[in-house]
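**Q** Pasting the sequence and the predicted model now:
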Amino acid sequence: MKTKHLKVFILLSIAFTSVILAQTYEPGLVYYGRNNYVEYYPGDLALVFTAPHGGSLTPSEIPDRTYGTTVTDLYTKETTISIRDAVFEATGKYPHIIISNLKRIKLDPNREIVEGAQGNQWAEQAWNEYHTFIEIAEDSMEAQYGKGFLVDIHGHGHTIQRLELGYLLSSSTLMRTDSELNTYASTSSIRALAEQSDLSFSDLVRGANSLGALFEDQGISAVPSLFQPDPGEGNLYFSGGYTTSRHGSSGGGNINAVQIEAYRVGLRDTDANRQNYAEAITDVFDEYFRVHYDWDGIVTGVQPEPLVIEGFYLAQNFPNPFNSSTTIHYGLSQKSAVSIIIYDVLGNTVKTIDAGAKHVGTYEYTWNGTNVSGNPVSTGVYFARLQVGEYNQTIKMLYLK
Ligand SMILES: [Zn+2]
């Protein structure tokens with residue numbers, strides 16, 4: 001756990017944090033805070049999407065907020081769910097998703113707690129759950145990948161129909177020259193990326209491989225970007241809010257963040273448009289991770305380190321997910337009797353491969369998705385257990401058509 005999270009945990013009431021923190025979170029499932037005010041879809045990618053302003057619940061136990069902005073960002077919950085579906089469709093893995101189901105007039109988790117919850121205990125609890133879920137997602141990404149990216153999903157009603165990408169850089173900061181802008185890296189929500197990148201900060205913000213430029217490559221106008229380096233004099237622009245500031249890397253850590261404010265018509269107003277937008281976001285981050293994280297897109301990320309146990313190791317199968325065949329690599333540091341058992345989620349054995357006694361060395365087994373009779377299995381999750389003498393190790397594999 002990062003130090004900056006400690007302070008927050010101390011502030012939380014013991015009763016509900018112990019419930020949230022004691023859980024294990026399985027990608028593909030959904031977890032709720034009290035009264036379903038907040039929901040968390042755990043992921044297994046280095047991406048988290050948050051939706052603070054798309055909720056619709058108006059419980060009477062929480063009075064209306066009396067100051068601050070209370071406008072709902074229409075369809076941003078639906079947009080965020082579409083993004084989850086699109087990313088899974090493309091990769092077979094899930095981004096982390098945190099959603100506030102409370103209408104913004106009851107809770108604004110993208111403001112600090114005083115303005116966001118306005119003193120009501122149930123709003124404060126939902127606010128705390130929302131940010132605790134984000135921190136659980138961040139800790140999971142850091143543990144799995146060492147870094148990650150948070151995207152805070154919003155909708156704006158400004159005149160100019162373009163995405164407004166917020167890195168905590170004000171409109172007037174973006175009006176500066178590239179060399180002046182470069183001095184703002186440490187205050188931005190992509191500070192960690194800037195420190196690790198060979199590119200200049202201004203290139204990261206508005207160069208050919210900036211998020212804005214990648215969105216424009218998809219036909220979605222965005223600022224800042226290569227062709228729109230700043231919002232322009234007198235134009236309204238959102239530069240990022242509480243979530244981007246608290247959970248991005250401006251204050252340390254390896255999770256970068258951006259706030260994306262989307263226009264409504266053509267992006268988030270219909271199912272079909274949300275799906276197109278979600279697919280564009282998937283493509284943009286796939287490319288972004290290739291360029292800036294030096295990964296093989298958002299799906300593979302870094303290959304997990306093989307786990308070495310008692311004289312052997314078993315690496316994650318590759319490719320994974322797979323659709324025709326996948327290869328399992330393993331190695332032995334002493335002569336051993338080896339077998340591989342492939343089984344399904346119900347524990348039924350699909351196939352047993354008795355490899356016999358093997359010498360020290362590295363080996364591979366390629367599974368073509370068939371069972372013991374040679375018939376193709378259905379798509380889904382499978383496990384491969386490597387049995388070496390009395391020890392075994394298991395990996396999870398995803399078979400997609
Ligand atoms: Zn918003």
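**A** That came in fine, so what should we check first? Numbers count the residues shown, from 1 in each chain.
**Q** so the residue in the stretch 201-350 of the chain that the ion sits nearest to, which of the three states?
**A** Nearest residue of the stretch 201-350 of the chain to the ion: E261, at 6.9 Å (C-beta to the ion). C-beta coordinates here come from the backbone N, C-alpha and C atoms, glycine included. Secondary structure, DSSP: H, G, I helix; E, B strand; the rest coil: E261 is strand.
**Q** Please tell me how far stretch 370-383 is from the chain's geometric centre.
**A** Here stretch 370-383 is found 30 Å from its chain centre; the criterion is C-alpha atoms, centre = their mean, to the nearest Å.
**Q** The helix or strand harbouring I99 near the ion at all?
**A** I99 belongs to strand 96-100 when elements are defined using DSSP states H and E. No: Strand 96-100 is not in contact with the ion by C-beta under 5 Å from the ion; minimum separation 10.6 Å.
**Q** picking that back up, neighbours around the residue of the stretch 201-350 of the chain closest to the ion, how many?
**A** Neighbours of E261 under the rule other C-beta atoms under 10 Å: 25.
**Q** Now do the same contact list for it.
**A** 154-156, 158, 163-166, 238 (C-beta atoms under 8 Å, 6 or more residues apart in numbering).
**Q** now do 6 Å
**A** Counting by C-beta atoms under 6 Å, 6 or more residues apart in numbering, E261 makes contact with 154, 156, 164, 238.
**Q** Provide a list of residue ranges in the chain with pLDDT below threshold.
**A** 1-22, 300-310 (pLDDT under 70).
**Q** what residue lies at the spatial centre of it?
**A** Centroid-nearest residue in the chain: L47, 2.0 Å away (criterion: C-alpha atoms, centre = their mean).
**Q** Just put the contacts of E261 in TSV and tack on distance to the ion, neighbour count and secondary structure.
**A** As requested, the contacts of E261 are exported to TSV (distance: C-beta to the ion, whole Å; neighbours: other C-beta atoms under 10 Å; DSSP: H, G, I helix; E, B strand; the rest coil):
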residue	distance to the ion	neighbour count	secondary structure
H154	3	25	strand
H156	8	20	coil
E164	11	25	strand
F238	8	17	coil
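**Q** ok, so of those residues, who is nearest Q393?
**A** H154 (43.5 Å; C-beta to C-beta).
**Q** Run through the bridge partners of that closest one.
**A** E261 (DSSP bridges).
**Q** looking at it, it is touching D73, isn't it?
**A** Yes: here H154 reaches D73: they are 5.1 Å apart, a contact under C-beta atoms under 6 Å.
**Q** which element is the nearest residue to G266 once chain neighbours are set aside on?
**A** Nearest non-adjacent residue to G266, counting by C-beta to C-beta, 6 or more residues apart in numbering: N273, 5.7 Å away. Using DSSP H and E, the element containing N273 is helix 271-292.
**Q** So the spatially closest residue to L107 that is not a sequence neighbour: helix, strand or coil?
**A** Ranked by C-beta to C-beta, 6+ apart and with sequence neighbours excluded, the top spatial neighbour of L107 is A123, at 4.8 Å. Secondary structure for A123, judged by three-state DSSP, is helix.
**Q** which residues touch A123?
**A** A123 sits next to 62, 107, 117 when contact means C-beta under 6 Å, 6+ apart.
**Q** Now which of these would you call buried?
**A** Burial by neighbour count, 16 or more other C-beta atoms under 10 Å: within those this picks out 62, 107, 117.
**Q** Tell me the spacing between the first one and H156.
**A** Noted for I62: a distance of 25 Å to H156, by C-beta to C-beta, to the nearest Å.
**Q** How about the second one?
**A** As for L107, its distance to H156 is 20 Å (criterion: C-beta to C-beta).
**Q** Who are the contact partners of T362?
**A** G331 are the contacts of T362 under C-beta under 6 Å, 6+ apart.
**Q** If we use 10 Å, what do you get?
**A** 306, 313, 315, 329-332 (C-beta atoms under 10 Å, 6 or more residues apart in numbering).
**Q** Reformat those residues as TSV; add distance to the ion.
**A** Output for the contacts of T362, formatted as TSV (distance: C-beta to the ion, whole Å):
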residue	distance to the ion
P306	43
Y313	47
A315	43
H329	46
Y330	49
G331	50
L332	55
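**Q** Show me how to select, in PyMOL, the buried members of those residues.
**A** To isolate the buried members of those in PyMOL, using 16+ other C-beta under 10 Å:
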select buried, resi 306+313+315+330+331+332
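**Q** The contacts of T362 in helices, which ones?
**A** In helices, judged by DSSP state H, none of those are found.
**Q** Just checking: what are the partner strands of the helix or strand T362 falls within?
**A** Using DSSP H and E, T362 sits in strand 361-367. If you go by DSSP bridges, strand 361-367 pairs up with strand 326-332 (antiparallel).
**Q** picking up where we left off before, going by distance to S250, which of the contacts of A123 wins?
**A** A117 (23.1 Å).
**Q** so what's the closest one up against?
**A** By C-beta under 10 Å, 6+ apart, A117 lies in contact with 62, 65, 102, 106-109, 111, 123-128.
**Q** Save those as CSV, and put in secondary structure and distance to the ion too.
**A** Shown next, in CSV, are the contacts of A117 (DSSP: H, G, I helix; E, B strand; the rest coil; distance: C-beta to the ion, whole Å):
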residue, secondary structure, distance to the ion
I62, coil, 19
R65, coil, 14
L102, strand, 13
K106, coil, 15
L107, coil, 12
D108, coil, 8
P109, coil, 10
R111, coil, 10
A123, helix, 17
E124, helix, 20
Q125, helix, 21
A126, helix, 16
W127, helix, 15
N128, helix, 20
